[in-house]
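# sharing a model prediction with you, sequence too.
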Amino acid sequence: MTSRRVALKVDCDTFEGTREGVPRLVDIFAARGIRATFFFTLGPDRSGLAVRRIFTRKGFLKKMIRSRAPSLYGWRTALSGTLLPAPMIGARCEDAVRAAARAGHDTGVHGWDHVGWHDRLDRMTRDEIARDYGAAHAEYQRILGAPARASAAPGWTVNARSLEIQEERALLHTSDTRGGEPFFPRAEGRTFRTLEIPTTLPTLDETLAWPELAGDAAQRAFFRGCVRGTEVHTIHTEVEGRSKAELFAGILDDWREDGVAFVLLSELAREALARRDRVPEREITKATLRGRGGFVTTGWPPEPGGA
Ligand SMILES: [Zn+2]
């Protein structure tokens with residue numbers, strides 16, 4: 001079978017990305033008859049803390065400039081939570097959240113304090129993780145009137161404690177990790193029963209930092225060629241919904257022209273769970289990705305000596 005499919009996972013990390021990027025993406029999808037899965041960050045937007053690292057972490061300024069973070073994300077986002085107060089995303093972007101759900105997209109929880117989780121998860125106590133994760137689910141339910149059936153960890157960052165807290169909810173699936181097929185995660189001797197569906201493709205904010213892909217034509221050619229079977233592609237409202245919306249629309253049009261179908265993560269989850277006994281269990285571990293700072297979680301680390 002040669003059918004090629006993409007599930008679009010839309011991560012909403014910031015106030016501006018949610019307020020402006022979500023409606024723009026809803027329009028881009030509506031014009032093409034595409035449904036996607038949106039994951040909302042609903043607490044304080046402290047993304048400006050990333051900027052503070054310029055002054056506290058050696059090499060960060062160089063990385064920030066090379067990754068073009070201010071032009072990708074906008075200066076307001078780059079300063080949010082430091083020089084500017086941290087806006088509460090859920091409270092201030094309810095309309096955008098509801099509009100995405102009303103337009104027929106799947107929705108889930110991305111987190112409460114995205115920056116705090118991403119930076120500190122391994123130093124957070126079980127109670128702190130439960131409070132953060134619980135606040136996001138409560139706010140989601142307040143805004144959309146029903147419990148979330150899926151979540152996606154900020155920065156693809158999870159550990160045994162956070163998986164344990166996720167497991168307490170009756171989720172259909174999570175999408176917390178990078179690379180490989182759906183699996184049941186194993187960590188610190190425990191196997192979890194919530195299906196994990198990884199992101200399989202590199203993200204645009206990563207490939208924009210790859211020197212060999214200079215210019216929109218090279219980016220489009222790369223994404224056009226990288227859909228092999230069923231892929232999960234994460235996009236960021238701050239990037240694909242704002243500064244790179246045109247490029248992203250072009251990538252979608254290339255895929256449509258090639259007959260690529262668009263599916264929801266919940267559809268992939270149901271497919272996998274219909275053959276539950278065939279879903280592998282995989283130990284989670286940390287990995288680095290080209291074009292992305294820090295670590296992400298993966299259940300499918302590259303084979304030693306492999307490409
Ligand atoms: Zn995110």
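Thanks, I have the structure now. Numbers count the residues shown, from 1 in each chain.

# can you map out the strands along the chain?
Listed in chain order, the strands of the chain (DSSP state E) span 5-12, 37-41, 106-111, 150-151, 173-174, 184-187, 190-191, 230-236, 261-263, 281-283, 285-289, 292-298.

# so how far is Val232 from the nearest residue to His233 once chain neighbours are set aside?
Spatial nearest neighbour of His233, excluding adjacent residues (Cβ to Cβ, 6 or more residues apart in numbering): Leu201 at 4.5 Å. To be clear about C-beta, it is placed using only N, CA and C from the backbone, and glycine gets the same treatment. Counting by Cβ to Cβ, to the nearest Å, the gap from Leu201 to Val232 is 7 Å.

# overlap in contacts of those two?
Counting by Cβ atoms under 8 Å, 6 or more residues apart in numbering, the shared contacts of Leu201 and Val232 are Val6.

# list the contacts of the closest residue to the ion within the stretch 101-250 of the chain.
With Cβ to the ion, the shortest gap between the stretch 101-250 of the chain and the ion falls at Pro154, namely 4.9 Å. Contacts for Pro154 (Cβ under 8 Å, 6+ apart) come out as Asp13, Thr41, His110, Gly111, His114, Val115, Trp117, His118.

# and these as JSON lines, adding distance to Ala101?
Below are the contacts of Pro154 laid out as JSON lines (distance: Cβ to Cβ, whole Å):
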{"residue": "Asp13", "distance to Ala101": "18"}
{"residue": "Thr41", "distance to Ala101": "16"}
{"residue": "His110", "distance to Ala101": "14"}
{"residue": "Gly111", "distance to Ala101": "18"}
{"residue": "His114", "distance to Ala101": "20"}
{"residue": "Val115", "distance to Ala101": "25"}
{"residue": "Trp117", "distance to Ala101": "23"}
{"residue": "His118", "distance to Ala101": "25"}
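
# just flag the most distant two among those residues.
Spanning the widest gap among the contacts of Pro154 are His110 and Val115, at 12.2 Å by Cβ to Cβ.

# OK, contacts around the residue nearest to His233?
Val6, Phe223, Cys226, Val227, Glu231, Val232, His233, Thr234.

# filter the residues you listed to the buried ones?
Val6, Phe223, Val227, Glu231, Val232, His233, Thr234 (16 or more other Cβ atoms under 10 Å).

# what residues does the stretch 1-150 of the chain have near the ion?
Neighbours of the ion within the stretch 1-150 of the chain, by Cβ under 5 Å from the ion: Asp11, Asp13.

# hmm, back to that, any chance of the contacts of Pro154 in CSV, plus pLDDT and neighbour count?
Formatted as CSV, the contacts of Pro154 follow (pLDDT from 0 to 100; neighbours: other Cβ atoms under 10 Å):
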residue, pLDDT, neighbour count
Asp13, 95, 27
Thr41, 98, 30
His110, 98, 29
Gly111, 97, 28
His114, 95, 29
Val115, 92, 25
Trp117, 95, 25
His118, 91, 18
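
# report pLDDT for Leu72.
pLDDT for Leu72: 69.

# which strand residues bridge the residue lying closest to Thr191 once chain neighbours are set aside?
Nearest residue to Thr191, sequence neighbours excluded (Cβ to Cβ, 6+ apart): Glu281, at 5.4 Å. Beta-bridge partners recorded for Glu281 (DSSP bridges): Phe184.

# number of nearby residues for Glu281?
12 (other Cβ atoms under 10 Å).

# ok, it - contacts?
By Cβ under 8 Å, 6+ apart, the neighbours of Glu281 are Phe183, Phe184, Pro185, Arg186, Thr191.

# test my guess that the third one contacts Thr285.
It stands for Pro185. No: at 10.4 Å, Pro185 and Thr285 do not qualify as touching, with contact defined as Cβ atoms under 8 Å.

# perfect, that will be all.
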